[in-house]
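**Q** need a 3D model of the following:
(2 chains)
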Amino acid sequence: MAEFNVTINGEKRNLNVDPDTPLLWVLRDNLKLVGTKYGCGIAQCGACTVHFNGSAVRSCQVPISAVKDNEITTIEGLSEEGDHPVQQAWLEHDVPQCGYCQAGQIMAATALLKNNPSPSDEEIEDVMNGNICRCGTYTRIKAAIKTASNSQIV
Amino acid sequence: MSKVKTGMGRRSFIKNVSLAGGGLIIGFNWLACKRAAEEGGKEMALEMPDEWFEMNGYLKIGDNGVVTIYSPNPEIGQNVKTSMPMLVAEELDVDWKNVIVEQAPLNTDVFTRQLAGGSQSIRQGWEPLRMAGATARKMLLTAAASEWDVSVSELSVENGIISHTDSDRSLGFGEIAKAAAQVEVPEEVELKDNSDFKIIGTSRKNVDAKGMITGKPLYGIDVHRDDMLIAMIVQPPAFGMEFKSMDAARAKEMSGIIDVFTIDTYPEDMEREWSDVAAFSKLVVVVGESTWQVMQAKKALKVEWDLNPKLTKQIQILEKSAGLAEGGGLENSDIHYSLMAQLGSDNSETVRKDGDPEAAFSNAARVIERSYTCPFLAHNCMEPMNFFANVTNDKAELLGPIQTPEYAEKSVNKRLGLDLENIDIQMTRMGGGFGRRLYGNFLVEAAVISQKMGVPIKLVYTREDDMTNGVYRPAYHVTYRAALDGNNNLTAFHVNAGGMTESPLFADRFPAGAVDNYLAESWTIESNISTGAFRAPRSNFIAGAEQSFLDELAEEMGQDPIQFRLDMLKRAQNDPVGENNDYDAARYAGVLEVVRDKAGWNNGSSTSSRGVAAYYCHNSYVAQILDMNLIDNEPVIDKVTCAVDCGIVVNPDAAKNMVEGGTIDGIGHALYSELTFKDGVTQQNNFDSYRLIRHREAPKKIDVHFIENGLDPTGLGEPPSPPVQGALANALYKATGKRIYKQPFYPEISTESREIKT
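**A** Numbers count the residues shown, from 1 in each chain, chains lettered A, B, ... in the order given. Predicted structure coming up:
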């Protein structure tokens, strides 16, 4: 066990955990930020995607000791009330079915649009390919990303 | 208007029913105070009432007119939590904006069939849910009429406002709810004509959407209690093996670890429910303070496993009878395929026979015979199996994702010896179901662990536990034979189907009824591998096989594949063969005609490789045309056109979402997925080795067309996924020139490495 001071969603948090503990489990078990989901634990499904200094990372692969003073944003910190344009586009297209993977999909999509505000279909597919949706909402996810992209306010 | 007796659901209308005590609402509950407005996504606060009045078990009305509707059935992503309350709201005549939806707990006194399975929630809820709304509406009207001293027939209702036009008076539901709750439950209520629907048939957003896109704790795996411990299981490494001994000394000393012990979920003397299926009954359990700590302790455990001679002996006998070399009695996929191909049909049972198929085959000018097969599949719900349990001396509180709460309650009753009324099961939203959560072994495991520990625990499977401890889609095998006479007419049809450990045959479905001489046979082969329902059970294989065979048959006969099917369906409609045909040939033909026209099948304008299929299952009809190209040897699916007949479409955009998802799911599993075994060990245990369809592989476009016929609604969770597998196989044939007989298709067409690209 060791002590860590990290900043999650702009909030300073003090933790006492095993240094190897993945950020995913710190978020879920210690900080009760359960919007970040466990799906595979080996960076294959994308359900645990969070932003690490604005880039999409799989939190199951980031040990808490690596967080240091880097900025971490989770789905809970993406917006106050779900009013981020990507979240709004998700609502407009009524994307989710079971919904379990969608927080990870949204975190991946927001990072994509930040780097590339007008992605082509192929660019969307390439970036989003690491996020599995078992219900098969892929066509709606793509449509929602395009809507958010066109909203010009990402 | 149709009149219905409320008597059939009498228990549902006991007023002031207390829904499973005080702790009714689970998970995140801000929908109770706020919900996104339908338009513009703008926040609109919904004021909470000072007082609620229970009208019946399905709904309560606040003194300010806000209505809470309890959604009875488990929500696995099929969106019943939105569409079922829509049925109640329709007949209540409430403004949907004033409706709050809450998941009901298991309550067999109030609700009927609280189960997610067979695409039956809407079909079987169609009358009871509308009746619940209509009953409350009538009670509100009765109370208002009494208040104003007028007749009920002089009143009208719209959007939760009751009006008396003659006296220009009106009042809201909230104002009369208290009096209405005292009105005697009517013996009979009237249900609306379809033409009067205001909510049914209009698209309403998913009631949990806001919670899902903001990461609220909606799922079982999100459940947290301050005094809760985390439990995980360690299971035998192979089917056919069992626990022998363990050395837990090191694991027990690890930080955060509380205990390590074994459990027997289903002792041999326990009377099991049908839903009590488990890959392994005897498990090692690790309990600790946090998930990561327990995961590490699992790895530090030293467990010895033994062959279970009772199980392995069976497999050895089976292999010997097929003339295979004697192995160790553990399951192997290559042996499974040999057993099914060589041994299966030896033990066939005739399920249906029309005419004289033997004579027709012996007189045939030509016989076409093809065999199809598929592997086991894991359900792979994105949310791994988990359950929260708090079992004390005389009570069990169980909270989590379960498709069969009613059966799970009986299992806990038998396993723990607790009275049914002291077992409280509440359902969370589920991160997928697909049939896996019909089998509540994980719920019973959680209950047994909590009872043993004497504290609340949350049992969580790792992805590896989930994938290797499944209740899998069986491996299937089918052989079709068609007899053609000298004029190339189809004179006989023979289907021989089986699997490990069930047959996929539907003997009374198309093409039964369309061919004079017909023979359907069925068989099964035993296995130690636990199997069960997987989205569209049996259809999830046999639809693709049958529709591939019909496509090949049409080609052999020189006919257009759609016209060939339509001609057969015409025969089944006008002059059906046999008595028990389990499909409506006109509706079947209807979806084929619509998909043909919408996709422009006959105008020849498509430059893509096209395949068609149509299928009936779970009371609904779906036809699909799939357009694809091979680019750098990779299948690229441009478009899937779908025609769907599920009667009245309750929530059109959500229904479209279901069809899109089912289509992608069907394509994905047929093309990429398989669970294989070597010496009893699953060869895939996570998404690096088990391939699921991803963004890049999904169709670029899915067009959905619903048949408008005003018939009572049928299910949609399952019907879209089976036929598209046939459409895909037939399109792949056009693209590659090669017929495919084995799922998954991708390795059959690809020479490339099967490594998963992410």
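**Q** and the closest residue to chain A within the stretch 301-450 of chain B, how many residues sit next to it?
**A** Per Cβ to the nearest Cβ, the residue of the stretch 301-450 of chain B with the smallest distance to chain A is residue B:431, at 3.0 Å. Just so you know, the C-beta spots here come from the backbone N, C-alpha and C atoms, and that holds for glycine as well. Residue B:431: 29 surrounding residues under other Cβ atoms under 10 Å in any protein chain shown.
**Q** list the contacts of residue 147.
**A** In the absence of a named chain, this looks at chain A. By Cβ atoms under 8 Å, 6 or more residues apart in numbering or on different chains, the contact set of residue A:147 is A:89, A:92, A:93.
**Q** hmm, no, I was thinking of chain B.
**A** Listed by Cβ under 8 Å, 6+ apart, the contact partners of residue B:147 are B:171, B:176, B:179.
**Q** and which of those is nearest residue B:190?
**A** Relative to residue B:190, the closest of these is residue B:176; by Cβ to Cβ it sits at 19.3 Å.
**Q** please parse chain A into its domains.
**A** Annotated domains of chain A cover A:2-77, A:85-150 [automatic domain parsing].
**Q** for the contacts of residue A:147, give me a markdown table that also has distance to residue B:458 and neighbour count.
**A** Shown next, in a markdown table, are these (distance: Cβ to Cβ, whole Å; neighbours: other Cβ atoms under 10 Å in any protein chain shown):
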| residue | distance to residue B:458 | neighbour count |
| --- | --- | --- |
| A:89 | 33 | 27 |
| A:92 | 35 | 18 |
| A:93 | 33 | 23 |
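**Q** need these in JSON lines with secondary structure, can you?
**A** Shown next, in JSON lines, are those (DSSP: H, G, I helix; E, B strand; the rest coil):
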{"residue": "A:89", "secondary structure": "helix"}
{"residue": "A:92", "secondary structure": "helix"}
{"residue": "A:93", "secondary structure": "coil"}
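**Q** returning to what we had before: which ones among the contacts of residue B:147 are found in strands?
**A** Cross-referencing these against strands under DSSP state E gives residue B:171.
**Q** what's the pLDDT at residue B:328?
**A** For residue B:328, the pLDDT comes out at 80.
**Q** an error on my part: the question was meant for residue B:603.
**A** At residue B:603, the predicted lDDT confidence score is 91.
**Q** residues in contact with stretch B:305-312: which ones?
**A** By Cβ under 8 Å, 6+ apart, the residues outside stretch B:305-312 that reach it are B:236-244, B:328-330, B:528.
**Q** which ones are touching residue A:115?
**A** Contacts of residue A:115 (Cβ under 8 Å, 6+ apart): none.
**Q** repeat for residue B:313
**A** residue B:329.
**Q** can you list the contacts of residue B:147 in TSV and add distance to residue B:625?
**A** Formatted as TSV, these follow (distance: Cβ to Cβ, whole Å):
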residue	distance to residue B:625
B:171	54
B:176	53
B:179	57
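**Q** ok, and the most crowded of the contacts of residue B:147?
**A** When neighbours are counted by other Cβ under 10 Å, residue B:176 leads those with 26 neighbours.
**Q** I'd guessed that one sits against residue B:145; true?
**A** No. Applying Cβ atoms under 8 Å, one finds residue B:176 not in contact with residue B:145, separated by 9.8 Å.
**Q** go through the domains of chain A and pick out the most buried.
**A** Highest mean neighbour count of those: domain A:85-150, a mean of 23 (counted as mean count of other Cβ atoms under 10 Å in any protein chain shown).
**Q** hmm, back to that, now the contacts of residue B:147 in JSON lines, with pLDDT?
**A** Listed next are the contacts of residue B:147 as JSON lines, based on pLDDT from 0 to 100:
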{"residue": "B:171", "pLDDT": "97"}
{"residue": "B:176", "pLDDT": "97"}
{"residue": "B:179", "pLDDT": "97"}
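**Q** in the stretch 551-700 of chain B, what residue is nearest chain A?
**A** Closest residue of the stretch 551-700 of chain B to chain A, Cβ to the nearest Cβ: residue B:664 (3.0 Å).
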